[in-house]
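>>> Structure for this input, please:
(4 chains)
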Protein chains: 4
Amino acid sequence: MDELIAPVEARFFAEVRARNNGGDWRRWKLVPEVEELKARARSEGLWNLFLPDADHSPGLSTLEYAPIAEEMGKLFLAPEIFNCNAPDTGNMEVLAKYGTPEQKREWLEPLLSGTIRSAFCMTEPDVASSDAANMKATAVLEGDEVVLNGKKWWATGIGHPECKILVYMGLTDPGADRHHQHSMVLVPLATPGVTIKRMLPTFSEWEEPYGHGEVWFENVRVPKSNIIAGEGKGFEIAQGRLGPGRIHHCMRCIGAAERALALLVERGARRVAFGKPLLALGGNAERIADLRIAIDQARLLTLYAAWRLDEVGARAAIAEISMIKVVAPRVLQEVADAAIQIHGGAGVTLDLPLTALFAQGRALRIADGPDAVHRGVIAKAEFRKYRDLQPARGTRA
Amino acid sequence: MDELIAPVEARFFAEVRARNNGGDWRRWKLVPEVEELKARARSEGLWNLFLPDADHSPGLSTLEYAPIAEEMGKLFLAPEIFNCNAPDTGNMEVLAKYGTPEQKREWLEPLLSGTIRSAFCMTEPDVASSDAANMKATAVLEGDEVVLNGKKWWATGIGHPECKILVYMGLTDPGADRHHQHSMVLVPLATPGVTIKRMLPTFSEWEEPYGHGEVWFENVRVPKSNIIAGEGKGFEIAQGRLGPGRIHHCMRCIGAAERALALLVERGARRVAFGKPLLALGGNAERIADLRIAIDQARLLTLYAAWRLDEVGARAAIAEISMIKVVAPRVLQEVADAAIQIHGGAGVTLDLPLTALFAQGRALRIADGPDAVHRGVIAKAEFRKYRDLQPARGTRA
Amino acid sequence: MDELIAPVEARFFAEVRARNNGGDWRRWKLVPEVEELKARARSEGLWNLFLPDADHSPGLSTLEYAPIAEEMGKLFLAPEIFNCNAPDTGNMEVLAKYGTPEQKREWLEPLLSGTIRSAFCMTEPDVASSDAANMKATAVLEGDEVVLNGKKWWATGIGHPECKILVYMGLTDPGADRHHQHSMVLVPLATPGVTIKRMLPTFSEWEEPYGHGEVWFENVRVPKSNIIAGEGKGFEIAQGRLGPGRIHHCMRCIGAAERALALLVERGARRVAFGKPLLALGGNAERIADLRIAIDQARLLTLYAAWRLDEVGARAAIAEISMIKVVAPRVLQEVADAAIQIHGGAGVTLDLPLTALFAQGRALRIADGPDAVHRGVIAKAEFRKYRDLQPARGTRA
Amino acid sequence: MDELIAPVEARFFAEVRARNNGGDWRRWKLVPEVEELKARARSEGLWNLFLPDADHSPGLSTLEYAPIAEEMGKLFLAPEIFNCNAPDTGNMEVLAKYGTPEQKREWLEPLLSGTIRSAFCMTEPDVASSDAANMKATAVLEGDEVVLNGKKWWATGIGHPECKILVYMGLTDPGADRHHQHSMVLVPLATPGVTIKRMLPTFSEWEEPYGHGEVWFENVRVPKSNIIAGEGKGFEIAQGRLGPGRIHHCMRCIGAAERALALLVERGARRVAFGKPLLALGGNAERIADLRIAIDQARLLTLYAAWRLDEVGARAAIAEISMIKVVAPRVLQEVADAAIQIHGGAGVTLDLPLTALFAQGRALRIADGPDAVHRGVIAKAEFRKYRDLQPARGTRA
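Below is the predicted model of the structure:
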C-alpha cells in the first residue's frame, strides 16, 4: 500500500484535478499504473478477496476479509487493484450465486478477471428510493424480451472506461405481493436506449474514474434470458446483495477514518501556534481520544456484524448490519471533519484528501439506505423482543 | 437472576427506603435473603467468579468473566451473592497476588469465603486524587509499626455490617521517585484511631448496605507486617489493581444499561398518548436504535479490553482500559437518562431503579479516574505512534 | 441575595439533611428566617414581582421580570422570599384573572400576602399526562356540589406546612369537545376525602419544604361555586396558566445554571492536579466556553419568549415558549453535570448544591410538558409555514 | 430577493458549473445581470448598508444592519448587489477609518461606488495563522518604499475580474512588541512581483467569481505612503477590522441556514416514503424543531453581539463576537447537513445549493479564527471574572 499504491494515487489525483474534466465523463481515463498493479496483485493471488466462494477466490469469510478491506480503504485506488471495488463486488456475488452458466461465462468471468467493469442501477431520481415500493422504472415482459423504461442515478462506476454491463432493477408485476414485483436484469451498456445523461458530483467531486452516473433507459430491449434468477426475484436478490456490500463499505470507512486520524495527528504534532504544537493546545488531545475510541468501536462493530453475517446470513443479521451502516460512515465523517479543522484553510482544499474522505462518509450516510431507515430496522428488531407487550391505557408505571 | 434475586432486591430497596436511615450507617443491616442466596451460590460453584486464580475460583479469564459480570450488573444485589462485589474483588486480587501466607490466612480466606467484607481507602477529600502525587495521607514507619494519618473518602463498602478490613494507601517516602513513595497497608477497621465520619450519598442515594464512607485515620498504628508487598509498592499495586477493577465496573455498566433500556422499551410499548404507544411517537424509535447501538458498541469494547488485559496485562492494555472506562459509564448514564424521560414524572422517583442506575453511571465517570484523565491516557498512547514527528515551524501542510 | 439569603439557605439545607425526614412530610418545617425575610421583602416592595397585574404588584411585564427571576433562580429559597414561588404564582394568576370576588377574597388575598400556600393538581400517575385527553380524574356535578375522584401527583408545594388550597383539574363532561371536557376546581386541603399519600423524591431529594406530593381524591365534595370560570373551562385556564409558568421556570434555570458555572470555574481555578489548576488542563477551558455560550443563548431565548408573550399572548407565542422550555432545563442539566465532573467525588455528594441543581434541570425536562411534546409544538409551527405544500409522489427534487 | 436576484443566481450557477472553469481564474466572468442589479440597488439607496459611517452610506448601526445582512445571506449573489460583499466591506471600513485623503480618493471611492473590488491578504499557507505572531510575510521599509515578500492564501475575491487593490499585512519590525510588529499596506494587484498562483477550492467548489486565491509577493515595491495608518499599526487595524467582519459573516450564516431549513422542510413535505411525507416519519419532526431552535438562538446571539459591538466597541465585545463566531457557522453546517440528508442522493449533487451552503459554514469555522481560538477567548473572559482566585493545594471543596 505505502510503497506501490500511495504514490500512484497521489500522482493520479493531482493529474485528474489539473485536467479537471468535470462532468464530461467521456474524457475519463484509466489509470495505467493501476492496470499494472492489478496484474501484479492477480499474479500474487491478492485477487477477488471479497468473495467467500472459493471457486473464484481465496475463499475468505466476511470476517477474514474485514482487516484486508480496512487496509484497502486507506487509499481510493486500492480496491480496484485487488479487484475488490464496488459495485463489481456485489454484481459478481449476485452472478456467482444466481447466474446461469451462460450469464456466468459472458459476464462473471471477465469481471472476475478484472477485464471489464459493471454498474448497478437501482436508485431513482424521482422517488424516495429508501422505500423500494416507490420504484417507478419498469421491466416488462414482451414475448422473449424484457423492455426497460426508467431513470436511474447513483450508478457507481458507470463512467469507468471499462464499464460494459449494468444490473438493472425494475417493476415487472405491480399486482404481485410487495416482495415479488421487481426483476433484476443484465443490460449491456451498449444496448440501444441506454443513455448516460451525466456523471454526478459528490460534494463537487466527480470521483473519476469511479464516479456515479445518471442513466436513462428508454424502450431498452434485452432477451428474457437476461433476467437474473427469474421474474420477480429482484427484491430477494437486492436484499442478499446489500448485506455484504454494506459491510464492505463500512470496512473501508474504518480504513479511511484511520487515514484521516493519522493526518490529524501528524499535522497536530508538526504545526506550532502560541509556542506549542497544536496537539498540546486546548481540547485537541481529548478530541483525538474520542476519535480513537469512535474508530475502535466502529471497527469492533464491523467485525461483529461480519461475523454475524457469516454465521446466520444477511437476513438474520439485518439489525447488526444496519447498526454498523449507521455508525461507520458517521465516524468517518466526524474524523474527517476534525482533521479538516486542525489543518485550517488547507483542510478544505484539494491539496489534501480530507474533503474527499469527508464526502465519502457523508455520501455513505445516504447510499445503501439512509441512516433513518437503518435506525428504523434496529428499533424494529428491538421492539420484536417485547412483542407481547400490549399498550394499556391507565396502567401505572 | 429473575427468579431468585430480583424479588429480593425489590423487597429490600422498598424496605430500606421506607426505613430511610439516611446517613446513619450504624443502623445499616444485612439483607438476610442475600446471605441465604450466597450460601446457595457458593454450594453451586457460582463463587469468586471474578478471580482468574484457579486455586480460589473456577479460574475464568477476564474475557470469560465478562458476560457473567454483565448479568450481575442487572441487579444491584447480585454481585455480592456471587462474592464478586467491589471493592472486595480488587482487595482479594491484591492479597492473592502480593499477600504473605499470614495475610492470606487472616484476611484473604474469610474474604474468599464471603464471611467478611473489606474497603479500599485511596481517594482523599482535600486534594485532586486524579493525580496520585497529590495524596496527603501518610504511612510512616516507626520501629516495627507503621503510623497512619489522613482523611480518605469514597471508601466503598465501609459501612457494610460485615466490613472488617481496610486497604489503606499512604505516603511513606516523599524523597523516593514518584512511583515508589506510597505504601499499601492492611488496617483492621477496629483499630484505634480509625473513625468512619459519615457515609456519603451519590445523588442523594446512600446505597445501603454497600455505600461509600468518609474515614479518618488519626495516629493509627499497625504492625509493619501489615504493609502489602513492602514499603513503596503502593503505586505498583494500585495500578495493577485498577485495571481489572475498571473493566469489571464496565461489564456491570453494560448489564445495568440493558436493564434501563428494557424498562424504557417496556414503558414505551405500554404507555399511550395521542392514541399511540409512546414508541410510535416522534423520535423515540430512533433514540432507541441509537441506544441499542451504544450498548452493543460498549459491550464489544469491554470484551476487547478484557481480552487485551488477559493477553498483554493491565500495563500494556492501559489505553484500551481507559477507552472502555470513558465509554461504558457514559452509555449507562445516557440510557438511564432516556429511560427516565420516557417514564415522565415516575422516572425521577424511587418507584423505579432508574435514578439509581443513572447515579451509578454518573458516579463512575469520576470513580477510578475521571473521564478527562482517561482521555489523556488514550491521547498519549495515540501520540506515541507518531513519536518521531518534530514540531516544525513553517513547514507547509 | 448574597448577604441575606445565601447564609440562610446553607444553614437550612444542612439542617434538613441532618434531620433527614425523608418522605415524612408531616414533620416538614417552615424556615423561620424565610418568614423574617419575607416580611422584609414585602415591606420593601419586592413582592409579587411575577404578576403583571399592577393592582396587586409592581406590575412588571414578563420581560421586565426576567432578570429578577434569574437572580432568584440562584438560590432555592429565594423565590418564596419574594412571594414568587411556583405553583403559587400560577395559581394567583389564575385567580386574579378568572376568580369571582368571593374566590379572590378567600384565596387570592392570603396568597398575595404570603400567609398561605397552594398546590396545583393536574398530572396523574396512571396515564401519560403529556396528552391532556388521557386525564382520568373526574369532577362531576351533583346538584350544588362538584364531586372529585382521582389520583394526582407532582403536586408541588402540597407538603408545605402553610399549604391550604389546591387547584384541581378533572373531567366533567366526556361528551364535550376535546377542549371543553375539564373543569378546574378550588379544593381546600382540609376537605374530607383529600389524602396526601406521600411526598415524592426527585433524584432522591425530597425538597423540603417545597417538594411534590401524591394526593388522592376520594368522593371529595365542594360547592359548585368552587369551580373556576365555570364548567369546562379547565383546558383554557391550564393553557393560559402554563405559558408564563414555563417561562418563569426557565428564567430561574438560567440563574441556577450561572450558579453551577460559577462553582465549576471556582473549583477549576483552585484545584491543582499535575502541577496546574484544573482550568488549565485538557478540554476544560473549551468546555467552559461552550457552557458560557449555552447559558447566554438560553438567556437570550428566554428574554425573547418573554417579550413575545407580553406582545402577542401565550397562545400566539406557543412555539417560542416551547423552544425555551426545551432549551433552558437542558442547559441547566449540562452545566450542572459538567460542574459535578470537575468537583470529582464531592460533586455527587450533598456537600454541594450541584446534584440538586442537576435534578432541577432534569425534572424540568419532564414537568410542564416533556421535551418531545414541546419539540412537536415547534415542528408543527414550522410546518404551518409550508401548509400549502402537497406531498407529491414522483416529483423530482 | 425572490423576484430579481434568485432567478439570476440559479441561471448563473448552472452556467458556471456547465462551463466548469475549475481553477482557471483567468476565465472567470462577471455576472452581467449582477451589474444591472447593482445599478438599480444603488439608485434606490440600497447601497453600502454595512457601513455605519453616514457620510458614505445610510448610516445603519451594526444591529440595524443585522436583519438586512441575514436576508442577503439567503443568496450567494446578493451581497455584491448591495455592495456589501466581503472582503470589500472590511477594506472599506479600514480605509474610511484610517485612510489618508489620497488613499480614500484613489481606492475608497471606487470601492464605495462598486466599480472595483479588493482583496485582503493576511493568512499564510506555511504557518498556523491562528497565531498572528507566526506570520512570516514581510513588509520592510527601504527609503521611500516598502518591500513585500511572502506567500498569502485565502485571499477572497482576488480572482474577481474587477479586483484591483489588495490590503496586505506583513512583518515590519520583529524587534517591536508583539502588537506593533506588523504593517498593513495597500498593493495594487497589477504591481510587479504580485502573482496569483491559483484559486483555491472550498470542498471542491471554486466559488466563481468570489473565490479565494493563493498569491505570492516577491520583492513587491510600493511607496511608503501606501502603508495604512503608519508602520506597526497592522495588528490594531486587523483587530478592529475583524470584529464587524465576523458578525457580518454570522448574519449571513443565519440567512443561509434559513434557506437550508426551508429546503429541508419543503422536501420533507413533498417526498413520500412508506405512504407518508418524510416529515411525518421517525425523528424528522424533532430534528426540525431542534434546528429551528438552533437558528433562532444563533440569530438572537448575533443581534446581541451586534448590539454590544455598537455599544462598547469590538475590543470590549470580543467575547460576544467570539461566541457568535463559534455558533453561527456550526449551526449553518448542521442545518445544511440535515437538509442534505433528507434530500437523499440529490443532496450531495450540484442540483441544489446545499453542498455550497454546507461548505460556507464549514469553511467559516476556520476563517477569521478557528473555533478553538474563539473558545479560548471566551474562556479567558470567563476566567477574568474570577481573577483573584488562587490555586490552593489541599483546600477542600
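>>> contacts, neighbours, all on C-alpha from now
OK.
>>> Spell out, range by range, the helices that occur in the stretch 101-250 of chain A.
A:101-103, A:109-113, A:234-270 (DSSP state H, counting those that start in this stretch).
>>> can I get those in JSON lines with mean pLDDT and mean neighbour count?
Shown next, in JSON lines, are the helices of the stretch 101-250 of chain A (pLDDT from 0 to 100; neighbours: other C-alpha atoms under 10 Å in any protein chain shown):
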{"stretch": "helix A:101-103", "mean pLDDT": "97", "mean neighbour count": "13"}
{"stretch": "helix A:109-113", "mean pLDDT": "97", "mean neighbour count": "18"}
{"stretch": "helix A:234-270", "mean pLDDT": "95", "mean neighbour count": "23"}
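>>> low pLDDT regions in the stretch 251-397 of chain A?
A:390, A:392-397 (pLDDT under 70).
>>> who in the stretch 201-350 of chain A is up against chain D?
Neighbours of chain D within the stretch 201-350 of chain A, by C-alpha under 8 Å from any C-alpha of the partner chain: A:201-205, A:271-274, A:282-283, A:341, A:344-346, A:348-350.
>>> follow-up on the earlier one: export the helices of the stretch 101-250 of chain A to JSON lines and tack on distance to chain C?
Converted to JSON lines, the helices of the stretch 101-250 of chain A look like this (distance: least, C-alpha to the nearest C-alpha, whole Å):
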{"stretch": "helix A:101-103", "distance to chain C": "34"}
{"stretch": "helix A:109-113", "distance to chain C": "34"}
{"stretch": "helix A:234-270", "distance to chain C": "15"}
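>>> Quick one: these as TSV, columns for distance to C:W216 too.
TSV is the format used below for the helices of the stretch 101-250 of chain A (distance: least, C-alpha to C-alpha, whole Å):
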stretch	distance to C:W216
helix A:101-103	76
helix A:109-113	75
helix A:234-270	55
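>>> Any idea which of those helices gets closest to chain B?
The minimum distance between chain B and the helices of the stretch 101-250 of chain A falls on helix A:234-270, with 3.7 Å, by C-alpha to the nearest C-alpha.
>>> and the closest one, anywhere near chain B?
Yes - looking at helix A:234-270 against chain B by C-alpha under 8 Å from any C-alpha, the contacts come from A:V265, A:E266, A:R267, A:A269, A:R270.
>>> For that helix, name the packing helices and strands.
The helices and strands touching helix A:234-270, judged by 3 or more C-alpha pairs under 8 Å, 6 or more residues apart in numbering or on different chains; DSSP states H and E, are helix A:62-72, helix A:88-98, strand A:182-188, strand A:276-277, helix A:284-316, helix A:318-342, helix A:354-364.
>>> Off-centre distance for the last one?
When you say that, I think you mean helix A:354-364. 12 Å (C-alpha atoms, centre = their mean, to the nearest Å).
>>> and what of the fourth one?
When distances are taken as C-alpha atoms, centre = their mean, strand A:276-277 is centred 39 Å away from the chain's centroid.
>>> Show residues contacting it.
A:G268, A:A269, A:R270, A:R271, B:P391 (C-alpha atoms under 8 Å, 6 or more residues apart in numbering or on different chains).
>>> The second one against A:L279, yeah?
I take that to be A:A269. Yes - A:A269 lies in contact with A:L279 (C-alpha atoms under 8 Å); the separation is 5.8 Å.
>>> thinking again about what came up before, so can I have a markdown table of the helices and strands packed on helix A:234-270 showing mean neighbour count?
Below are those laid out as a markdown table (neighbours: other C-alpha atoms under 10 Å in any protein chain shown):
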| stretch | mean neighbour count |
| --- | --- |
| helix A:62-72 | 21 |
| helix A:88-98 | 21 |
| strand A:182-188 | 25 |
| strand A:276-277 | 16 |
| helix A:284-316 | 22 |
| helix A:318-342 | 26 |
| helix A:354-364 | 24 |
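>>> Let me have these in JSON lines, adding distance to B:W153 as columns.
Output for these, formatted as JSON lines (distance: least, C-alpha to C-alpha, whole Å):
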{"stretch": "helix A:62-72", "distance to B:W153": "46"}
{"stretch": "helix A:88-98", "distance to B:W153": "60"}
{"stretch": "strand A:182-188", "distance to B:W153": "68"}
{"stretch": "strand A:276-277", "distance to B:W153": "38"}
{"stretch": "helix A:284-316", "distance to B:W153": "28"}
{"stretch": "helix A:318-342", "distance to B:W153": "39"}
{"stretch": "helix A:354-364", "distance to B:W153": "47"}
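>>> before we move on, the earlier item: can you narrow the residues of the stretch 201-350 of chain A next to chain D down to the ones near chain B?
Among these, chain B is touched by A:R271, A:V272, A:A346 when using C-alpha under 8 Å from any C-alpha.
>>> Tell me the one of those nearest chain C?
Using C-alpha to the nearest C-alpha, those come closest to chain C at A:V272, 17.3 Å.
>>> Distance check, the closest one against D:N134.
Going from A:V272 to D:N134 by C-alpha to C-alpha, to the nearest Å gives 8 Å.
>>> Now do the phi/psi pair for A:K233.
phi -100, psi 10 (degrees, to the nearest 10).
>>> Contact partners for the nearest residue to it once chain neighbours are set aside?
Closest residue to A:K233 apart from its sequence neighbours, by C-alpha to C-alpha, 6 or more residues apart in numbering or on different chains: A:S183 at 5.5 Å. The neighbours of A:S183, taking C-alpha under 8 Å, 6+ apart as the test, are A:139, A:169-172, A:227-228, A:230-235.
>>> Tabulate the residues you listed (CSV), appending distance to A:P87.
Putting those into CSV (distance: C-alpha to C-alpha, whole Å) gives the following:
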residue, distance to A:P87
A:A139, 21
A:M169, 14
A:G170, 18
A:L171, 21
A:T172, 23
A:I227, 18
A:I228, 17
A:G230, 21
A:E231, 22
A:G232, 22
A:K233, 19
A:G234, 16
A:F235, 17
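>>> Can you say which of the residues you listed are buried?
With neighbours counted by 16 or more other C-alpha atoms under 10 Å in any protein chain shown, those contain buried members at A:A139, A:M169, A:G170, A:L171, A:T172, A:I227, A:I228, A:E231, A:G232, A:K233, A:G234, A:F235.
>>> for the residues you listed, which one is nearest D:A363?
A:M169 (39.6 Å; C-alpha to C-alpha).
>>> which residue sits closest to that closest one in space, ignoring its chain neighbours?
A:M184 (4.5 Å).
>>> likewise A:E205?
Per C-alpha to C-alpha, 6+ apart, closest to A:E205 is D:S204, 6.3 Å.
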